[in-house]
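Student: Make a model of this:
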Amino acid sequence: MSELASDCAMVMAAGMGKRMRPLTASQPKPLVRVAGKPLIDYALDRLVDAGVGRVVVNVHYLADALEAHLSERKSPKITISDEREQLLETGGGMVKAQAQLADPFFCLNADNIWLEGPRTAFHDLSARWNPDEMDALLLVVPHSRAINFTGQGDFHMDADGRLSRRLTGRVAPFIYTGIQLVSHRLLRDAPEGKFSTNVFWNRAIEEGRLFGASFSGQWFEVGTPDAIAPTERALKVG
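Tutor: Numbering: from 1, shown residues only. Model prediction:
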């Protein structure tokens with residue numbers, strides 16, 4: 001198995017979890033349980049299993065509850081990027097935490113559940129990583145391996161792995177899993193305050209430096225309460 005491109009990750013856990021209401025009325029989305037396990041622990045356990053030892057977690061909504069939960073973990077080593085005063089969204093969150101992050105670093109959403117393929121998600125990314133030509137490498141999955149997903153997809157990918165956006169009125173073959181490998185170069189000349197990672201991605205697409213790696217496992221869309229039961233059933237089978 002290939003070596004990891006980084007031993008550091010950022011887990012995005014600061015969002016309001018509006019699509020997961022009413023379950024998020026009294027708890028942050030990363031603590032919503034699927035098959036008895038908080039969502040964020042799926043991501044953290046996968047990081048530990050792959051060999052990633054250091055993780056930055058950003059917090060905002062009901063941050064005290066999330067920090068209390070994280071403090072009970074022995075591994076990985078977790079530091080907090082505190083966004084209590086202002087939710088910075090995905091792009092702003094990475095910029096705030098940048099000084100705590102290795103170059104490159106893995107970045108993933110706290111609500112990710114997946115079943116590994118022949119390699120871990122992080123080894124899939126590491127095997128494809130080329131810092132000379134990439135600012136970010138997104139883990140993408142075809143519709144056939146995206147459980148619960150009902151959208152039109154996110155990206156097209158050319159023969160070299162470069163990504164482009166889904167065209168209006170078209171179905172794109174690849175879905176972004178919420179997991180990526182990011183160079184600090186992507187974060188250069190960042191806007192002030194809160195903004196989406198899409199700002200960085202759009203520039204990288206224009207420069208031909210946004211790439212994708214097709215995931216070899218199965219990925220679960222767990223964005224709403226209705227997705228929990230079918231995910232739990234699939235996990236039992238898996």
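
Student: Put the alpha carbons of the longest helix anywhere in the chain into CSV.
Tutor: Determined from DSSP state H, the single longest helix within the chain is helix 39-50. Taking C-alpha atoms only, helix 39-50 is exported to CSV below (Å, rounded to 0.1, in the frame of the first residue of the first chain):
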residue,chain,number,x,y,z
LEU,A,39,-21.2,10.7,12.6
ILE,A,40,-17.8,12.4,13.4
ASP,A,41,-16.5,9.2,14.9
TYR,A,42,-16.8,7.4,11.6
ALA,A,43,-14.5,10.0,10.0
LEU,A,44,-12.1,10.0,12.9
ASP,A,45,-11.9,6.3,13.1
ARG,A,46,-11.2,6.0,9.4
LEU,A,47,-8.4,8.6,9.7
VAL,A,48,-6.8,6.6,12.6
ASP,A,49,-7.1,3.3,10.7
ALA,A,50,-5.3,4.9,7.7
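
Student: Quick one: name whatever helix or strand follows it.
Tutor: strand 54-59 (DSSP states H and E).

Student: Now do that following strand against helix 39-50, angle only.
Tutor: Going by axes from the mean of the first three to the mean of the last three CA atoms, to 10 degrees, strand 54-59 is angled at 170 degrees with respect to helix 39-50.

Student: so what strands line up beside strand 54-59?
Tutor: Taking DSSP bridges as the criterion, strand 54-59 forms sheet pairs with strand 8-12 (parallel), strand 77-82 (parallel).

Student: Name the surrounding residues that touch it.
Tutor: 7-14, 28, 40, 44, 47, 66-67, 70, 76-84, 88, 93, 96-97, 100-102, 110 (CB atoms under 8 Å, 6 or more residues apart in numbering). For every residue, glycine as well, the C-beta is placed using N, CA and C.

Student: Give the buried residues for the next helix or strand after that strand.
Tutor: Using DSSP H and E, the helix or strand that follows strand 54-59 in sequence is helix 63-71. For helix 63-71, the neighbour count (16 or more other CB atoms under 10 Å) marks 63, 66, 69-70 as buried.

Student: other SSEs contacting helix 63-71?
Tutor: Secondary-structure packing of helix 63-71 (3 or more CB pairs under 8 Å, 6 or more residues apart in numbering; DSSP states H and E): helix 39-50, strand 54-59, strand 77-82.

Student: For the helix or strand following the last one, what is the distance to the chain centroid?
Tutor: Heading C-terminal from strand 77-82, the first helix or strand you meet, by DSSP H and E, is helix 89-97. Going by CA atoms, centre = their mean, to the nearest Å, the spacing between the C-alpha centre of helix 89-97 and its chain's C-alpha centre is 13 Å.

Student: So what sits opposite residue 182 in the bridge?
Tutor: Beta-bridge pairing for residue 182 (DSSP bridges): residue 105, residue 136.

Student: Quick check, it in contact with residue 107.
Tutor: Yes: counting by CB atoms under 8 Å, residue 182 does reach residue 107; the two are 5.2 Å apart.

Student: quick one on the thing from earlier: tabulate the helices and strands packed on helix 63-71 (TSV), appending mean pLDDT.
Tutor: Shown next, in TSV, are these (pLDDT from 0 to 100):
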stretch	mean pLDDT
helix 39-50	96
strand 54-59	98
strand 77-82	97
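
Student: closest to residue 133 out of those?
Tutor: Closest to residue 133 of these, according to CB to CB: helix 39-50, at 23.6 Å.

Student: Flag every buried residue along that closest one.
Tutor: 39-44, 46-47, 50.
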